[in-house]
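Asks: sequence isn't available, so here's the structure alone:
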């Protein structure tokens, strides 16, 4: 049973994060290469803006902000699941190679398969999921030992190796491709938010709407998996079955996100840690907080990235890495 004071604290933090997200959305709507003054936001939203104002708001600014918010939420949730399943605080879909697996699948699909403009948006998350799932299975098999079970340190090391190898494979694949396709894959690798239209939102949203409640339903199982294997088995947990189901969930969340945002790392690492520091390690408590923090972090990184320099901006993946890489080193040294 969760103490009432802790529940009250979680609710206050969740409400505060919602307010922070709302403020960041409002600020982000007014920033960018095409300016949109804040006093014109409400008139434009209710349909009283000029054609330019409505185009900037509804066709450029708003869908991009929603995409980064949803993708950050999905990556944070994926990271929280991976850390619970592997009992490793350094697990993250970007760091352990799952994002790279999705990237290779997207690269092969983009370079060698005929693309239909109408279905491309909806097929891409499925392609990314297939690539990420194969990668996750291989990493799991290499990290698993019959005598010792899942070895968390080995999983991270093998995952980093897979990530480097798959990133190299992507470079080999695009080395002989035509210029336009090379530019797309290069931007994907840098974590440049490329899926910025409304169809990408509809392609990403169902994954989150289904898998977030499912993860909260499995939160108690995640709590049990964080115990040692003999203890978890002793209280009746089917360890391998739960791990596989939750691993597939984490892979699906990460793949659906990176299929439209590109190679984003560290969101899944930082958000769960911040949430645990705020409300403790119980999955029922920290997962909603982690999801909101992840969405806010990616949205903030993209907003800063597209306004700091010229119209091309800095890819969100690079902005997140500038924060996340030192944080990863800190955790690595600490653990």
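Replies: Perfect, I can see it now. Quantities reported herein were computed from a predicted structural model and do not represent experimental measurements.
Asks: measure the most centrally placed residue in the chain to residue 258 for me?
Replies: In the chain, the C-alpha nearest the mean C-alpha coordinate belongs to residue 75, at 1.9 Å (CA atoms, centre = their mean). For residue 75, the distance to residue 258 (CB to CB, to the nearest Å) stands at 8 Å. Placement of C-beta: from N, CA and C, glycine included.
Asks: go on, residue 26?
Replies: Distance from residue 26 to residue 258, by CB to CB: 27 Å.
Asks: for residue 223, which non-adjacent residue is closest in space?
Replies: residue 283 (5.4 Å; CB to CB, 6 or more residues apart in numbering).
Asks: tell me the contacts of that neighbour?
Replies: 80, 84, 219-220, 222-223 (CB atoms under 8 Å, 6 or more residues apart in numbering).
Asks: just the buried ones out of these, please.
Replies: Using 16 or more other CB atoms under 10 Å as the burial test, the contacts of residue 283 include 80, 84, 219, 222-223 as buried.
Asks: mind checking which of the residues you listed land in strands?
Replies: Judged by DSSP state E, strands contain none of the buried ones among the contacts of residue 283.
Asks: make a markdown table out of those residues and add distance to residue 320.
Replies: Shown next, in a markdown table, are the buried ones among the contacts of residue 283 (distance: CB to CB, whole Å):
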| residue | distance to residue 320 |
| --- | --- |
| 80 | 17 |
| 84 | 22 |
| 219 | 26 |
| 222 | 24 |
| 223 | 28 |
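Asks: next, residue 144: phi, psi?
Replies: In terms of degrees, to the nearest 10, the main-chain angles of residue 144 are phi -90, psi 140.
Asks: meant to ask about residue 145, not that
Replies: The phi/psi pair for residue 145 (degrees, to the nearest 10) is phi -120, psi 140.
Asks: ok, which stretches of the stretch 201-335 of the chain are helices?
Replies: When secondary structure is read from DSSP state H, counting those that start in this stretch, the stretch 201-335 of the chain shows helices at 219-225, 229-234, 239-261, 267-279, 283-308, 316-334.
Asks: contacts only, for residue 36.
Replies: Contacts of residue 36 by CB under 8 Å, 6+ apart are 29-30, 44, 53, 56-57, 61.
Asks: now do the SS call for it.
Replies: coil (DSSP: H, G, I helix; E, B strand; the rest coil).
Asks: now it: how far from residue 44?
Replies: On the measure of CB to CB, residue 36 and residue 44 end up 7 Å apart.
Asks: so what's in contact with those two at the same time?
Replies: In contact with both residue 36 and residue 44: 53, 57, using CB under 8 Å, 6+ apart.
Asks: wait, the residue nearest to the centre of the chain touches residue 251, no?
Replies: No: in this structure, residue 75 is not within contact of residue 251 by CB atoms under 8 Å, at 11.9 Å.
Asks: what's the overlap in contacts for the two?
Replies: residue 93.
Asks: which strands or helices does the helix or strand where residue 160 lies pack on?
Replies: For residue 160, the host element (DSSP states H and E) is helix 152-174. Judged by 3 or more CB pairs under 8 Å, 6 or more residues apart in numbering; DSSP states H and E, helix 152-174 is in contact with helix 98-112, helix 120-143, helix 179-190.
Asks: how far away from the center of its chain is the shortest one?
Replies: Its chain's C-alpha centre and that of helix 179-190 lie 20 Å apart, by CA atoms, centre = their mean, to the nearest Å.
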